[in-house]
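Participant: Have a look at this fold, sequence not included:
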């Protein structure tokens, strides 16, 4: 059973709902987007997250000083690099790390594998980062044997309707969902619960 990261949380009620529903990780977006959050706000929300749930910060080509400030003050467990950061850039910052890479071909998988990070997050291609694009990609690409020994996070267009299929095809270590648990652009506690129940293999009332 893959782990689940609920990304782009901004409100206390949604953080509490995600934790109660069994989320394994919570993502805070510090990059410019409609889900952007301040370090101070993330630190307040982090008080509702137990130690066994990972706190992950999403950054796009951010100054190392800002990343380290957030890592310390929230505090974060992992930093997700979602920009044009090189392997060397990430190593210099020296924190537990995730590199997000867009995927549309085997060549993109090979490029992602050049990153020596704790996790690889593979997402839909051609999307200017704003988080939660709602787009999917060819999940069969994750069956590349070179990915077998890497912890892969599958992102892009996941929701309660397609996540079982995604798991069966891609066999990811972790799933990353954002727009798939939103209603009218805002996180919806019912959709969070429904997504988690689907992943955990439990029955959902009313489908």
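Facilitator: Nice, thanks for sending it over. Small disclaimer: the values here were computed from a predicted structure and weren't measured.
Participant: quick one: contacts of stretch 189-205?
Facilitator: Here stretch 189-205 makes contact (CB atoms under 8 Å, 6 or more residues apart in numbering) with 1-2, 4, 6, 13-14, 17-18, 21-23, 158-160, 163-164, 167, 175, 177, 180-183. (Glycine included, C-beta is placed from N, CA and C.)
Participant: Mark which of the residues you listed are buried, thanks.
Facilitator: 2, 4, 6, 14, 17-18, 21-23, 158-160, 163, 167, 175, 177, 180-182 (16 or more other CB atoms under 10 Å).
Participant: So which of those residues are in strands?
Facilitator: Among the buried ones among the contacts of stretch 189-205, the members found in strands (DSSP state E) are 4, 6, 175, 177, 182.
Participant: would you list the residues you listed in CSV and tack on distance to residue 69 and pLDDT?
Facilitator: Shown next, in CSV, are those (distance: CB to CB, whole Å; pLDDT from 0 to 100):
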residue, distance to residue 69, pLDDT
4, 27, 98
6, 23, 98
175, 29, 98
177, 27, 96
182, 28, 95
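Participant: what's the closest of the residues you listed to residue 99?
Facilitator: residue 175 (17.1 Å; CB to CB).
Participant: dump the residue contacts of the closest one.
Facilitator: 2, 3, 4, 5, 153, 154, 155, 158, 163, 166, 167, 199.
Participant: what about the fourth one, neighbour count?
Facilitator: Just to be clear, that refers to residue 5. Residue neighbour count, defined by other CB atoms under 10 Å, stands at 27 for residue 5.
Participant: and the nearest residue to it once chain neighbours are set aside, how many residues sit next to it?
Facilitator: Closest residue in space to residue 5, ignoring its immediate chain neighbours: residue 25 at 3.8 Å, by CB to CB, 6 or more residues apart in numbering. By the criterion of other CB under 10 Å, residue 25 has 24 neighbours.
Participant: And for the one 4 residues further on?
Facilitator: For residue 29, the number of neighbouring residues by other CB under 10 Å comes to 27.
Participant: any idea how far it lies from residue 56?
Facilitator: Distance of residue 29 to residue 56, given as CB to CB, to the nearest Å: 10 Å.
Participant: what about residue 109, which helix or strand?
Facilitator: helix 106-112 (DSSP states H and E).
Participant: For that helix, buried residues please.
Facilitator: For helix 106-112, by 16+ other CB under 10 Å, it's 108, 109, 112.
Participant: Now render these as a markdown table, adding distance to residue 143 and pLDDT.
Facilitator: Converted to a markdown table, the buried residues of helix 106-112 look like this (distance: CB to CB, whole Å; pLDDT from 0 to 100):
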| residue | distance to residue 143 | pLDDT |
| --- | --- | --- |
| 108 | 14 | 94 |
| 109 | 10 | 95 |
| 112 | 14 | 96 |
